[in-house]
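Enquirer: please find the sequence and the predicted model below.
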Amino acid sequence: MKNNIKKGKVLEIFSAPVGYKKPVRPIVEKLILKKGYGIEGDKFALKDLDSTVMIIGINSYHMAQKSGINMEYGSLGENILLDFDPHTLPIGTVLDFGDAKIEITQRCTICSHLAVFGRSIPELLKDHRGLYCKIVSSGTIVKNSDLFT
C-alpha cells in the first residue's frame, strides 16, 4: 500500500446485473473489479471506464433520514457504501482495498429520478450524491474490507 493510511471500512456492496430495472441496487457478496472492463456482471460494465464504480458515504443516508426520508441502502446507485464521507477526498485520490484499487474521477451529478424517494432528495444530496471512480487495479471487494489511501 502506497501511503498506508486507513480511511475506513466497506459497509455494504451493490451491483445491478444486466437487465435489472429496480430503483434500488441489490446487495451482493463481492464485487469483482476488472481494469479496462468494470464490475463483473454489472449492467454498466464497459460503458464509461472512468465512472464504472460509484462510492458513497453512510452520511448521505443519514442526511436524508434527518430530513424524514428513509431510503434503503443501494437507493443512491452506489456500488460501495463506506463508513466515512468520501466527498472530503480530492479527485485523483486512489482508494486501496488490497488487490483492488480505484481512483476518484468525478463527483456524481444529482439525478432527478431520486425524487421518487423524496422530492427534496436531489437538492438535499447535491454535494453528497456519490463519487465516480475508475478501476486502477483489478481485484475483489467484500463487505467489511478495509480501505486505505
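Expert: Looks like it arrived, so ask away. Remember, it's a predicted structure, so these values are computed and weren't measured experimentally.
Enquirer: what residue is smack in the middle of the protein?
Expert: Centroid-nearest residue in the chain: Ile55, 2.0 Å away (criterion: C-alpha atoms, centre = their mean).
Enquirer: my guess is that residue contacts Ile80, does it?
Expert: Yes. At 4.6 Å, Ile55 counts as touching Ile80 under the criterion of C-beta atoms under 8 Å. Every C-beta, even on glycine, is put in place using the N, C-alpha and C of the backbone.
Enquirer: related to what we said a few turns ago, checking the residue nearest to the centre of the chain next. Helix, strand or coil?
Expert: When classified by DSSP: H, G, I helix; E, B strand; the rest coil, Ile55 comes out as strand.
Enquirer: what bridges to it?
Expert: Ile55 forms beta bridges with Ile80, Leu131, as assigned by DSSP bridges.
Enquirer: and for the spatially closest residue to Val18 that is not a sequence neighbour, the neighbour number?
Expert: Closest residue to Val18 apart from its sequence neighbours, by C-beta to C-beta, 6 or more residues apart in numbering: Lys43 at 4.7 Å. Neighbourhood size, Lys43 [other C-beta atoms under 10 Å]: 15.
Enquirer: centre of the chain to the helix or strand bottoming out on mean pLDDT in the chain, how far?
Expert: Scoring the helices and strands of the chain by mean pLDDT, DSSP states H and E places helix 121-124 at the bottom, with a mean of 79. Offset of helix 121-124 from its chain centre (C-alpha atoms, centre = their mean, to the nearest Å): 18 Å.
Enquirer: and stretch 94-102, by the same measure?
Expert: Remark: stretch 94-102 is offset 13 Å from the chain centroid, using C-alpha atoms, centre = their mean.
Enquirer: average pLDDT for that stretch?
Expert: For stretch 94-102, mean pLDDT rounds to 95.
Enquirer: span of it from start to end?
Expert: 6 Å (C-alpha to C-alpha, to the nearest Å).
Enquirer: outside of that stretch, which residues touch it?
Expert: The contact list for stretch 94-102 (C-beta atoms under 8 Å, 6 or more residues apart in numbering) reads 1-2, 7, 10, 31, 33, 53, 55, 86, 89, 103-104, 133-141, 145-149.
Enquirer: Asp146 bridge partners, please.
Expert: Note on Asp146: beta-bridge partners by DSSP bridges are Lys9.
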